[in-house]
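Student: I need the structure of the sequence given here:
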Amino acid sequence: MGNSTLIRRATEILVVLFVAVSSIALISGNTRYAGATANLMSSALLCEYNNIKSMISAQGQVEPYSTASDFVNSDSKNDINIDSNVVEDITSVEVESNTKDQFENNTLGEAFQSETVHADSISSSTADALSNSGETNAQLNPEFLEESEEIINEPVNEVLYKYATGTLNLRKGSSSETDLLGTIAKGELVQCFEMQGEYIKIKTSDNKEGYVFAEYLSDSLPPVYKYVNINSVNIRKGSGSETDLLGTIAKGERVQVFEAQGKYIKIKTSGNIEGYVYAEYLSDSLPPVYRYINADMLNVRKGPSTDAEKLTSLSRGSRVQFLEKHGDWALIKTSDGIKGYSYAKYVVTENVSVSRSTTNYPYNSEQSSTIIEYAKQFLGVPYVYGGSSPKGFDCSGFTQYVYKNFNIKVPRTAKDYAGTGSKVDRSNMKPGDVLLFDRYNDYQLGHVGIYLGGDQFIHASSSKGKVVIGYLSKYGGNILGIRRVIK
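Tutor: Here you go, the predicted model:
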């Protein structure tokens, strides 16, 4: 076979290879880099072609294709962009003698498969050509380089937030020895940054930055619980005393709290009742819960068993602090500070049930809670001597106005309360009872208020100049009597 025929067949093979590789690039979906693939292939194929051309020229043969542009047939010219500088670099490739000898001693197909021909033919000039082809592609496709850089350097802008699972100390650095910047409340949402050991850097909603223990942050909002701090609280359907009553909650009961609405807060009880209660009647910690012994003589033991050591005995009516329940037993604390276990069924919540003549102390806890809610609406109303309206109250005017709203008749003047309702001793007083005081430490009845429970009472105070909540333990007047008007 003549050299001319060899060159023509080699040319055909190279063109077929070029079209095949370009098609694969397009089919694979890399259309963004199709132009780059075409330029790189054209440079490499032209390099191989001119190597062959140089070898034939060295033997004095006539080259059938006079120019590099003739290398590409008319069907593929429009698909290939060839930079003139690339062509110049390609034609400058020199062929070493071992490549020439191999070409002369083997067929053209075998020469292309030879590792020696491939390694020696694609020399540094070819590499330069490939580099120039890449630059040419960037010039012809200005978006190519920009898009590539965006893919590599695209920033991650995800913002991470977590919730505090408890009250956390916010510190200046990632150590308990660094300055304390403040605290974060349970359930607060914070933005999180990098970790440093056991600490994590955060930013609060008011833009304070610092470090907290990472283990006390959670991806989800933790439930928030509070405790009922008065004897009985009404649960209502809505955030107002005029909405339907759903039930009551006893002192010390733990409830899950949600959003606040004015003076009310939405809660869920342990029995899954959802409703609203007066927010002031809930506290973060469990308040002391007192109960009464309803047995002639009740043993207090070291453990929850009749086999446990007996510590002491309590008589009927003894008040104890209730701590927790263990099956049929209650852990209690006596007034002497003794902790022990007694049968729970004899440790009751209402002292009224202790007396053998309970009819002396009838009590309506639901109505009491409603009355107290209503009374608190007038906190801050000015004290006006002789006043009996929300424009201004004196002590008896305020008390009368509150009870009148519930169709309960009470006297207009403080001195007339001595014979009102039922007399109650101090150990049996309940929220909603009327408290009778002297004013000048002379044991003469001259002031009244409404008991709220927990050592608190509400009254129109002349010394404070408005309706306020006071504490019995801090009030200067003497309690002369307690009257129950709620039936």
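Student: look up how far residue 459 lies from residue 475.
Tutor: To residue 459, residue 475 is 9 Å away according to Cβ to Cβ, to the nearest Å. C-beta coordinates here come from the backbone N, C-alpha and C atoms, glycine included.
Student: quick one, which of those two is more surrounded?
Tutor: Counted by other Cβ atoms under 10 Å, residue 475 and residue 459 do not tie: residue 459 has more neighbours, with 26 against 17.
Student: and the next element down the chain from the helix or strand that one falls within?
Tutor: Per DSSP states H and E, residue 459 falls inside strand 456-461. For strand 456-461, the following helix or strand on the C-terminal side (DSSP H and E) is strand 466-471.
Student: can you name every helix or strand that that following strand contacts?
Tutor: If contacts are counted by 3 or more Cβ pairs under 8 Å, 6 or more residues apart in numbering; DSSP states H and E, strand 466-471 sits against strand 456-461.
Student: low-confidence stretches in the protein?
Tutor: Residue ranges of the chain with pLDDT under 70: 1-157, 350-361, 441-442.
Student: tell me the domain ranges of it?
Tutor: Annotated domains of the chain cover 3-153, 160-218, 224-283, 289-358, 361-484 [automatic domain parsing].
Student: name the SS class of the closest residue to residue 160 other than its chain neighbours, please.
Tutor: Distances taken as Cβ to Cβ, 6 or more residues apart in numbering put residue 192 closest to residue 160, at 4.6 Å, once the chain neighbours are dropped. State at residue 192, reduced to three classes by DSSP: H, G, I helix; E, B strand; the rest coil: strand.
Student: and what of residue 447?
Tutor: Here residue 447 is recorded as strand under three-state DSSP.
Student: from here on, count from 707
Tutor: I'll keep to 707 as the first residue from here, and by that count the last item is residue 1153.
Student: what about it, how many residues nearby?
Tutor: 22.
Student: beta-bridge partners for the nearest residue to it once chain neighbours are set aside, please?
Tutor: Closest residue to residue 1153 apart from its sequence neighbours, by Cβ to Cβ, 6+ apart: residue 1143 at 4.1 Å. Residue 1143 has these beta-bridge partners by DSSP bridges: residue 1153, residue 1185.
Student: got the contact list for residue 1143?
Tutor: 1151, 1152, 1153, 1154, 1155, 1181, 1183, 1184, 1185, 1186 (Cβ atoms under 8 Å, 6 or more residues apart in numbering).
Student: mark which of those residues are buried, thanks.
Tutor: Buried by 16 or more other Cβ atoms under 10 Å: 1151, 1152, 1153, 1154, 1155, 1181, 1183, 1185, 1186, out of the contacts of residue 1143.
Student: for residue 907, give its distance to residue 1158.
Tutor: On the measure of Cβ to Cβ, residue 907 and residue 1158 end up 46 Å apart.
Student: looking at those two, which is more packed in?
Tutor: More neighbours sit around residue 1158 than around the other of residue 907 and residue 1158, counting by other Cβ under 10 Å; the figures are 23 against 17.
Student: about what we covered before: farthest pair in the buried ones among the contacts of residue 1143?
Tutor: The largest separation in these, counting by Cβ to Cβ, is between 1151 and 1181 at 15.0 Å.
Student: residues near the residue nearest to residue 921 when sequence neighbours are not counted, how many?
Tutor: Excluding the flanking residues, the one nearest residue 921 by Cβ to Cβ, 6+ apart is residue 904, at 7.2 Å. By the criterion of other Cβ under 10 Å, residue 904 has 13 neighbours.
Student: ok, now which ones touch residue 904?
Tutor: Counting by Cβ under 8 Å, 6+ apart, residue 904 makes contact with 880, 919, 920, 921.
Student: what's the answer for residue 1085, then?
Tutor: Taking Cβ under 8 Å, 6+ apart, we find residue 1085 in contact with 1164, 1172, 1173, 1174, 1175.
Student: filter these down to the buried ones, PyMOL style.
Tutor: Buried residues among the contacts of residue 1085 (16+ other Cβ under 10 Å), as a PyMOL selection:
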select buried, resi 1164+1172+1173+1174
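Student: which of the contacts of residue 1085 lies closest to residue 934?
Tutor: Nearest to residue 934 among the contacts of residue 1085, with distances taken as Cβ to Cβ, is residue 1175, at 17.6 Å.
Student: residues touching that closest one, list them.
Tutor: Taking Cβ under 8 Å, 6+ apart as the test, what residue 1175 contacts is 1082, 1085, 1158, 1162, 1163, 1164.
Student: residue 992: which of those is nearest?
Tutor: Closest approach between these and residue 992, by Cβ to Cβ: residue 1162, at 18.1 Å.
Student: what is that closest one paired to in the beta sheet?
Tutor: Listed by DSSP bridges, the beta-bridge partners for residue 1162 are residue 1159, residue 1177.
Student: residues contacting it?
Tutor: Shown in contact with residue 1162 (Cβ under 8 Å, 6+ apart): 1175, 1176, 1177, 1178.
Student: now swap in residue 1086 and tell me
Tutor: Residue 1086 touches 1172, 1173, counting by Cβ under 8 Å, 6+ apart.
Student: residue 912: neighbouring residues, count only.
Tutor: 6.
Student: swap in residue 1036?
Tutor: 22.
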